[in-house]
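In: Structure, please.
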Amino acid sequence: MSTAIATPVDRLLYKPDEAAEALAIGRSTVYELMAEGVLKYIKLGRTRRIRRADLEAYVESLAPLPN
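Out: The predicted model follows:
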């Protein structure tokens, strides 16, 4: 008996809660970052989506703290 394991889909667009999970932060923090203009997003009708490239750009913009 074998168990099939689903591989995660490499998404192009993320819902705010999916982006929060990918970034390991809270959903409200994602909304705050979007409101402040720190995390770019697009609107599709009444929904907001965050492009994978914008998530990656946000992570790259984070500066590590000095030791």
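In: Show the contacting residues for the residue nearest to T47 when sequence neighbours are not counted.
Out: Nearest non-adjacent residue to T47, counting by C-beta to C-beta, 6 or more residues apart in numbering: K15, 7.5 Å away. (C-beta placed from N, C-alpha, C; glycine too.) Counting by C-beta atoms under 8 Å, 6 or more residues apart in numbering, K15 touches 47-50.
In: ok, of the residues you listed, which one's closest to K40?
Out: I50 (7.3 Å; C-beta to C-beta).
In: any idea which element the closest one lies in?
Out: Element membership of I50 [criterion: DSSP states H and E] is strand 47-51.
In: swap in R11?
Out: Here R11 is assigned to no helix or strand, by DSSP H and E.
In: Please report the number of neighbouring residues for it.
Out: Neighbour count of R11, defined by other C-beta atoms under 10 Å: 15.
In: Let me know the pLDDT of the residue lying closest to it once chain neighbours are set aside.
Out: Spatial nearest neighbour of R11, excluding adjacent residues (C-beta to C-beta, 6+ apart): R52 at 6.3 Å. Note for R52: predicted pLDDT of 96.
In: and what of N67?
Out: The model's pLDDT for N67 equals 79.
In: Near it, how many other residues are there?
Out: 3.
In: any idea how far it is from V59?
Out: 20 Å (C-beta to C-beta, to the nearest Å).
In: and M34, what is it in contact with?
Out: So M34 contacts 16, 40-41, 48, 50 (C-beta under 8 Å, 6+ apart).
In: As PDB, could you dump the C-alpha coordinates of the one helix or strand E21 maps to?
Out: Using DSSP H and E, E21 sits within helix 16-23. This file holds the C-alpha atoms of helix 16-23, laid out as PDB (Å, rounded to 0.1, in the frame of the first residue of the first chain):
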ATOM      1  CA  PRO A  16      -3.000  37.400   2.100                       C
ATOM      2  CA  ASP A  17      -3.400  34.400   4.400                       C
ATOM      3  CA  GLU A  18      -1.300  32.200   2.100                       C
ATOM      4  CA  ALA A  19       1.300  34.900   2.000                       C
ATOM      5  CA  ALA A  20       1.300  35.100   5.800                       C
ATOM      6  CA  GLU A  21       1.900  31.400   6.000                       C
ATOM      7  CA  ALA A  22       4.700  31.500   3.400                       C
ATOM      8  CA  LEU A  23       6.400  34.300   5.300                       C
END
